[in-house]
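Chemist: show me how the following folds:
(chains A and B)
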Amino acid sequence: MSENVARRGFLVGGAVLLAAGCTSNEPAAAPSSAASAPAPAASGNDEPGQKVTIGFSAPAADHGWIAAIAKNAESAAKQYSDVEFKPVEPTNDINQQISAVESLIAAKVSALVILPNDGQQLNQVALQATQAGIPVINLDRVFPDKLAYRTWIGGDNYGMGVAAGQYIGKQLKDKGVANPVIVEIQGIATLPLTQDRSKGFADALKTFGFSVAAKQDAKFTVETGNQVATSLLQAHKKIDAMWNHDDDQGVGVLAAIKEANRNEFIMVGGAGSLNAMKEIQSGTSVLKATVTYSPTMASSAIKLARLIAQGKGMSDLVENQVPQSITLASETITKENVEKYLALGFES
Amino acid sequence: MSEPTTEVMAAPRSSRGFGGLGEMRHLGLLAALALLVVVGLITRPENFATTSNLVSILSLAATIGVITVGATFVIIGGGIDLSVGAVMALASVWATTLATQSYGPVVMAICAILVGTGAGVVNGLLIAYGRMVPFIATLAMLVAARGLAQRMSDRKTQLIQADNAAIVDLSTTRVLGIPLLVYVFALVVVLGWIVLNRTTFGRRTYAVGGNPEAARLAGIDVRKHTVLLYALSGLCCGIAAILIMARTTTGSSTHGDLYELDAIAAVIIGGTLLTGGRGTIVGSILGLLIFTLITNLFILNGLNTSDQLIAKGLIIVVAVLLQRRNLKERAP
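Modeler: Numbers count the residues shown, from 1 in each chain, chains lettered A, B, ... in the order given. Just a heads-up that it's a prediction; the model follows:
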């Protein structure tokens, strides 16, 4: 009897896991660490099908987020016995990435997942791939020409700014702060993604009647984050809120804040790194929240590539084919919900 | 040839007094600095002249400042070291790897210094005994050291563990209101000045850079001296690695990006000839402070970093044009 109960418990648990594995929209379904067992799916989409080769090209991982992208893509591919994963050497040189993608086209892969260093500059080679009959899954940085890709999946940079702006706006409004000093530390200022983030931030703040007092760019590295924050803290003797676009450079920003011995403001991060989550969890840091831009999108991109190459649709949708574009939502991680996200955090 | 062959003569005649603030060229740099200070006072009266802002300017200057001291020696000695930023990154990564961290902060600091000096020695050996052009040898080191740093860290940012916080203390502990790392910077500058101006090693550096053949005839072991110069530059990178670890609480393969250009630019603005044989530590540090002050002023006033690069470029051009005019006047 008791054995039966135990077995039933096991079965129920298993079913829940299965359901989670195939239907959840949470990025939790495509974890970087739980790459072990391929979850067989009720819908059949995850069952072994026609063998496919997926080519993968991304920038070099000199940054925690990009490193997590490559790792997630690889572990998602490993979940499937019918997928042969063909990554090419990651590089930050556009020229090299073009020839790497050309080599994948020449190898006649069944689908290509490309996170371009620059969407504009890789557009031409993606177009070549599409013309050669290889579906291109464009990851994150978008190709300007829609003919160049079959499906785009990526984060919502504007939404990230909105999420950060809404969190900060609400906190300050609740505290009854009038005319707050809000500063912003951007990533690389010249990138469209940075401009989108800043625009979303400004737009969301505007709904509270607030605006950004100062913004500076910090190139995404710990060191530049530290340098910029050091001077920015000097420029503003009193700050009410700070949004730092990127948790990797955030390590340097937090070090500068600690060194300056400042804690009169709240800070919001960006991307959702493990370090940032731990800071938020501690409750003692100025870092109160971070808005996600999850690298799990790479796992999803591999899954989509497989489905497209096998001619399948997404089992949760009624459509016969995978949609043309998928934008992830930017979620806000705070002390209240950080537990739920810890497993997804990537190391800087 | 009637080339003077004694060691003292091989050094430029005017090398005496080169280190002082009173030097004509230094007056020009001081005037430029003063001008920037006035700009700061006018544009941000409430923020610029505060102690905390001045301290933060010095803290920002410290890391690259230490590297600039080493670069000054190498350039006066007729060479160039492009690998400084990468070597600093490598030293910071090596010092923050888990194995090193479990031995504590002292071992980490020694590790950073040994790695930096070691890389410098390799540079020196390639140049002096491998007969490689300094530009090429240190370019190779730049690429290789950056690669090795990426490999060791698996391209991750390596946080300093809590038990090793003594390193971070360099940045957070203040004596008389000034962080310890600024004292380290000051100490390196003073030691560098003494070595360059008051020791045989310093005189030989001018001699080797001014005319290596004459230096050799004067009995200087030019090759050995060259190795020592690059080792000194590497040593400075190791010390800088400790400072950057203190400031950012991390070791990372991305640290020190483009430091070689900033260091070389500071040295050149400071009046050191790229062809060697002439230059001063004080000039280099003034050049560096001008750069740091510009960055500070741009951020205080909320200006864009791209314009800041344009300003820096213009300053380099103006400084070098002025230098050339000086040289012409000097010519017979």
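
Chemist: which bits of chain A sit near chain B?
Modeler: A:60-64, A:67, A:189-190, A:214-217, A:221-223, A:225-228, A:230-235, A:237, A:248, A:251-252, A:255-256, A:258-260, A:275, A:347-348 (Cβ under 8 Å from any Cβ of the partner chain). Bear in mind the C-beta positions are built from the backbone N, C-alpha and C, glycine included.

Chemist: which of those residues are buried? Put it as a PyMOL command.
Modeler: Selecting only the buried entries of these in PyMOL, with 16 or more other Cβ atoms under 10 Å in any protein chain shown as the criterion:
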select buried, chain A and resi 60+61+62+63+64+67+189+214+215+216+217+221+222+223+225+226+227+228+230+231+232+233+234+235+248+251+252+255+256+258+259+260+275+347+348
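
Chemist: helices - which of the residues of chain A next to chain B land there?
Modeler: The helices, defined by DSSP state H, take in A:64, A:67, A:222-223, A:225-228, A:230-235, A:248, A:251-252, A:255-256, A:258-260, A:275 from the residues of chain A next to chain B.

Chemist: which parts of the stretch 101-250 of chain A are strands?
Modeler: Secondary structure of the stretch 101-250 of chain A by DSSP state E, counting those that start in this stretch: the strands cover A:111-114, A:136-139, A:151-154, A:182-186, A:212-217, A:241-244.

Chemist: contacting residues around the fourth one?
Modeler: The one in question is strand A:182-186. The contact list for strand A:182-186 (Cβ atoms under 8 Å, 6 or more residues apart in numbering or on different chains) reads A:168, A:172, A:194, A:197-198, A:201, A:205, A:210-218, A:225, A:228-229, A:232, A:236, A:239-245, A:249, A:253.

Chemist: report the buried members of those.
Modeler: In the contacts of strand A:182-186, burial by neighbour count holds for A:168, A:172, A:194, A:197-198, A:201, A:205, A:210, A:212-218, A:225, A:228-229, A:232, A:236, A:239-245, A:249, A:253, counting by 16+ other Cβ under 10 Å.

Chemist: centre-most residue in chain B?
Modeler: residue B:68 (1.2 Å; Cα atoms, centre = their mean).

Chemist: dump the residue contacts of that one.
Modeler: B:263, B:266, B:267, B:284, B:285, B:287, B:288.

Chemist: cool, and residue B:49?
Modeler: B:40, B:41.

Chemist: who are the contact partners of the residue of the stretch 101-250 of chain A found nearest chain B?
Modeler: Residue of the stretch 101-250 of chain A nearest chain B, by Cβ to the nearest Cβ: residue A:231 (3.8 Å). Residue A:231 sits next to A:216, B:56, B:60, B:295, B:296, B:299, B:300 when contact means Cβ under 8 Å, 6+ apart.

Chemist: among the contacts of residue B:68, which two are most distant?
Modeler: Spatially, the most separated pair among the contacts of residue B:68 is B:263 and B:285, at 11.4 Å (Cβ to Cβ).

Chemist: who's more crowded, those two?
Modeler: residue B:263 (33 against 24; other Cβ atoms under 10 Å in any protein chain shown).

Chemist: for chain B, what lies in contact range of chain A?
Modeler: For chain B, the residues in contact with chain A (Cβ under 8 Å from any Cβ) are B:44, B:46-47, B:50, B:52-53, B:56, B:59-60, B:150, B:154-157, B:159, B:168, B:171-172, B:179, B:244, B:247-250, B:252-257, B:295-296, B:299-302, B:304-306.

Chemist: which of these are buried? Put it as a ChimeraX command.
Modeler: Restricted to buried positions by 16+ other Cβ under 10 Å, the ChimeraX selection for those reads:
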select /B:44,47,53,56,59,60,150,155,156,157,159,168,171,172,179,244,247,248,249,250,252,253,254,255,256,257,295,296,299,300,305
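
Chemist: mind listing which of the residues of chain B next to chain A are in helices?
Modeler: Secondary structure from DSSP H places B:52-53, B:56, B:59-60, B:150, B:168, B:171-172, B:244, B:247-248, B:295-296, B:299-300, B:305-306 of the residues of chain B next to chain A in helices.

Chemist: about what we covered before: wait, a helix at the residue nearest to the centre of chain B?
Modeler: Yes: counting by DSSP: H, G, I helix; E, B strand; the rest coil, residue B:68 is part of a helix.

Chemist: contacts only, for residue B:305.
Modeler: Per Cβ under 8 Å, 6+ apart, neighbours of residue B:305: A:189, A:216, A:217, B:298.

Chemist: turn the residues you listed into JSON lines, including distance to residue B:98.
Modeler: JSON lines is the format used below for the contacts of residue B:305 (distance: Cβ to Cβ, whole Å):
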{"residue": "A:189", "distance to residue B:98": "35"}
{"residue": "A:216", "distance to residue B:98": "33"}
{"residue": "A:217", "distance to residue B:98": "32"}
{"residue": "B:298", "distance to residue B:98": "38"}
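
Chemist: contacts only, for the nearest residue to residue A:228 once chain neighbours are set aside.
Modeler: The shortest distance from residue A:228 to any non-neighbouring residue, by Cβ to Cβ, 6 or more residues apart in numbering or on different chains, is to residue A:218 (4.3 Å). The contact partners of residue A:218, by Cβ under 8 Å, 6+ apart, come to A:185-187, A:224-225, A:227-229, A:244, A:246, A:249, A:252-253.

Chemist: and which of the contacts of residue A:231 is nearest to residue A:118?
Modeler: Nearest member of these to residue A:118, counting by Cβ to Cβ, is residue A:216, at 22.7 Å.

Chemist: my guess is the closest one contacts residue A:232. True?
Modeler: Yes: using Cβ atoms under 8 Å, residue A:216 is in contact with residue A:232, at 5.8 Å.

Chemist: what sits in contact with each of those two?
Modeler: Common neighbours of residue A:216 and residue A:232 are listed as A:185, B:299 (criterion: Cβ under 8 Å, 6+ apart).

Chemist: quick one: low-confidence parts of the stretch 51-200 of chain B?
Modeler: Counting by pLDDT under 70, the stretch 51-200 of chain B shows no low-confidence range.

Chemist: which residues in it form strands?
Modeler: With DSSP E, counting those that start in this stretch, the ranges of strands along the stretch 51-200 of chain B come out as B:158-159, B:174-175, B:178-179.

Chemist: reformat those strands as CSV; add distance to residue A:100.
Modeler: Below are these laid out as CSV (distance: least, Cβ to Cβ, whole Å):
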stretch, distance to residue A:100
strand B:158-159, 28
strand B:174-175, 50
strand B:178-179, 45
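
Chemist: now do the residue nearest the centre of chain A against residue B:283, distance only.
Modeler: By Cα atoms, centre = their mean, chain A has its centre lying nearest to residue A:294, at 2.5 Å. Residue A:294 is 50 Å from residue B:283, where distance means Cβ to Cβ, to the nearest Å.

Chemist: ok, residue 245 - contacts?
Modeler: No chain specified, so I'll use chain A. Residue A:245 sits next to A:160, A:184, A:185, A:186, A:187, A:194, A:197, A:270 when contact means Cβ under 8 Å, 6+ apart.

Chemist: let me rephrase: I mean chain B.
Modeler: Counting by Cβ under 8 Å, 6+ apart, residue B:245 makes contact with B:92, B:95, B:96, B:108, B:112, B:160, B:167, B:168, B:251.

Chemist: which one among the residues you listed gets closest to chain A?
Modeler: Closest approach to chain A among these (Cβ to the nearest Cβ): residue B:168, at 7.7 Å.

Chemist: what's near enough to touch that closest one?
Modeler: A:255, B:160, B:245, B:246, B:249.

Chemist: export stretch A:143-151 as CSV, just CAs?
Modeler: The C-alpha trace of stretch A:143-151 is given here as CSV (Å, rounded to 0.1, in the frame of the first residue of the first chain):
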residue,chain,number,x,y,z
PHE,A,143,19.3,41.5,-38.9
PRO,A,144,17.7,44.6,-40.5
ASP,A,145,16.6,42.6,-43.5
LYS,A,146,13.7,40.3,-42.8
LEU,A,147,14.6,38.1,-45.8
ALA,A,148,17.8,37.2,-44.0
TYR,A,149,16.2,35.1,-41.3
ARG,A,150,13.4,32.7,-40.7
THR,A,151,12.8,33.4,-37.0
